[in-house]
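S.K.: Any chance you could fold what I've pasted below:
(one chain, ligands or ions: 1)
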Amino acid sequence: MNLGELESVAHSLVVAGKGILAADESAPTIEKRFKTIDLPSTEENRRAYRDLLFTTPGVSEFISGVILYDETIRQRSADGTPFTKVLERQGIVPGIKVDEGAKPLTGFPGEKITEGLDGLRGRLPEYRALGARFAKWRAVIDIGAGIPTRYCIRANAHALARYAALCQEAGIVPIVEPEVLMDGGHTIERCEEVTTEVLSLVYAELTAHRVALEGTLLKPNMVVSGKGCPAQAGASQVAEATVRTLSRVVPPAVPGIVFLSGGQTPRQATEHLGAMNAMGKHPWELSFSYGRALQDPVLKAWKGKAANVPEAKEAFFLRAKLNGAARHGKYSPSMEPASNLIR
Ligand code: 5MM
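M.R.: Residues are numbered from 1 along each chain as shown. This next block holds a predicted model:
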């Protein structure tokens, strides 16, 4: 492992004003997303959609890296250029999702464990040869009656640490993603409590596995109210609770924290990130690695039609630009266009 190289990739991903596009939807997830625009999930439709995203002019001003899926990292742009080259030519770092999904945790109803460690050491060098310089593994923690259990959190933290150690051995920066879901009627206080416990155990395991934190990034949820909670916290409360939680448990050796959007609207995700960065300087860069919050308006504009590609690219550029502004704490909702495409 060359720690200097890992550190430099990690820093380049969280450079000022930029963040990551999560475009690593697995086959079942992209099918779900395409259903919202009545589009069948064929290989060509998936390719055309990713082509649209990756060839959006000027987007590299705000996008530092893109997380790809196994199928996507092997695909090419319409002119035959591999997607990895399309990204590299713009100075965008290609990354790869290496987990194999969250599956039911035997003996623990309602809880999940992420699989994919078997054979991972063998798969990583191929991804590196294909151009991936960073990777992502997502663990899913649900809040509900009697859950999460300590066992579920510990099992997921252990898997995240095993994954991170293997990535570093292969010269790939691991993005560690423990997601506490927004689903449910829980309060923001409960989300803070669970997120604190999850991140504490994740960092204990990363340290126990001798992972060099300087060559990693964290991709957590923000501390928010459950979607079904009658009392919804506003942007300043979310920003304060999230920064407080992270300050308590994420070591300053971690170069950056790249939030997931987790079901927030595009506007909320941008506003929350902007509010955190407007609070002043933090020990780590606070950035984004959004999937839905960057892509929902793009899908709505595209609708699977070639004629809509320019409008869809504009929608992507706009979300990327506004999140770029949020990286500097300079986002204001007044920067949103009055378009009803973006809520
Ligand atoms: C892009 O969605 C990712 C893939 O999920 P699946 O493995 O379920 O297909 C997901 O991990 C994503 O990277 C994060 O959840 C962030 O996306 P959001 O939409 O939460 O910002």
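S.K.: Assess the claim that residue 113 and residue 157 are in contact.
M.R.: No: the pair residue 113 and residue 157 fails to qualify as a contact (C-beta atoms under 8 Å) at a distance of 10.8 Å. The C-beta positions use only the backbone N, C-alpha and C, and glycine is treated the same way.
S.K.: Next up, the contacts around the spatially most central residue of the chain.
M.R.: Residue closest to the average C-alpha location in the chain (C-alpha atoms, centre = their mean): residue 289, at 3.6 Å. Listed by C-beta atoms under 8 Å, 6 or more residues apart in numbering, the contact partners of residue 289 are 19-22, 67, 136, 175, 219, 258-260.
S.K.: who touches the helix or strand where residue 164 lies?
M.R.: Using DSSP states H and E, residue 164 sits in helix 150-169. By C-beta under 8 Å, 6+ apart, the list of residues contacting helix 150-169 from outside reads 1, 6, 98-99, 105, 108, 111-114, 116-117, 120-121, 124, 135, 137, 139-141, 173-174, 176-178, 197-198, 201-202, 204-206, 208-212, 215-216.
S.K.: just checking, which of those residues belong to strands?
M.R.: Using DSSP state E, the members of these that fall within strands are 112-114, 135, 137, 139-141, 173-174, 176-178.
S.K.: Throw those residues into CSV and include pLDDT, thanks.
M.R.: Output for the ones in strands among the contacts of helix 150-169, formatted as CSV (pLDDT from 0 to 100):
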residue, pLDDT
112, 98
113, 99
114, 99
135, 99
137, 99
139, 99
140, 98
141, 99
173, 98
174, 99
176, 99
177, 99
178, 99
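S.K.: how deep is the closest residue to the ligand within the stretch 201-343 of the chain tucked in, by neighbour count?
M.R.: Going by C-beta to the nearest ligand atom, the ligand is nearest to residue 291 of the stretch 201-343 of the chain, at 2.8 Å. Using other C-beta atoms under 10 Å, residue 291 is surrounded by 19 other residues.
S.K.: got it, and residue 283?
M.R.: Neighbours of residue 283 (other C-beta under 10 Å): 14.
S.K.: ditto for residue 145
M.R.: Number of residues near residue 145 (other C-beta under 10 Å) recorded here: 6.
S.K.: For residue 300, see how far away it is.
M.R.: Distance from residue 145 to residue 300, counting by C-beta to C-beta, to the nearest Å: 35 Å.
S.K.: So for the residue nearest to the centre of the chain, what's the pLDDT?
M.R.: On pLDDT, residue 289 comes in at 99.
S.K.: so it sits in a strand?
M.R.: Yes: applying DSSP: H, G, I helix; E, B strand; the rest coil, one finds residue 289 inside a strand.
S.K.: Widest-spaced pair of the ones in strands among the contacts of helix 150-169?
M.R.: Within the ones in strands among the contacts of helix 150-169, 112 and 173 form the most distant pair, 24.7 Å apart (C-beta to C-beta).
S.K.: More neighbours: which of those two?
M.R.: More neighbours surround residue 173 than the other of residue 112 and residue 173, with 28 against 20 (other C-beta under 10 Å).
S.K.: give the contact list for the more buried one.
M.R.: Residues near residue 173 by C-beta under 8 Å, 6+ apart: 6, 9-10, 13, 133-135, 167, 215-217.
S.K.: Could you rerun that using 6 Å?
M.R.: Going by C-beta atoms under 6 Å, 6 or more residues apart in numbering, residue 173 touches 6, 9-10, 134, 215.
S.K.: separation between the closest residue to it other than its chain neighbours and the ligand?
M.R.: Leaving out its chain neighbours, the residue that sits closest to residue 173 by C-beta to C-beta, 6 or more residues apart in numbering is residue 134, at 4.0 Å. Distance of residue 134 to the ligand, computed by C-beta to the nearest ligand atom, to the nearest Å: 12 Å.
S.K.: give me the number of residues near residue 134?
M.R.: 26.
S.K.: What's opposite it in the beta bridge?
M.R.: Note on residue 134: beta-bridge partners by DSSP bridges are residue 95, residue 173.
S.K.: Pretty sure it sits against residue 95.
M.R.: Yes: between residue 134 and residue 95 there is a contact under C-beta atoms under 6 Å: 4.1 Å.
S.K.: sorry, back to before: so which of residue 113 and residue 157 has more stuff around it?
M.R.: residue 157 (26 against 18).
S.K.: So which bits of the host helix or strand of residue 272 are buried?
M.R.: Under the criterion of DSSP H and E, residue 272 resides in helix 266-278. Using 16 or more other C-beta atoms under 10 Å as the burial criterion, the residues of helix 266-278 that qualify are 266-278.
S.K.: hmm, back to that, for ChimeraX, write the select line for the buried members of the contacts of helix 150-169.
M.R.: The buried subset of the contacts of helix 150-169, as determined by 16+ other C-beta under 10 Å, is captured in ChimeraX by this line:
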select :6,98,99,105,108,111,112,113,114,116,117,120,124,135,137,139,140,141,173,174,176,177,178,197,198,201,202,205,206,209,211,212,215,216
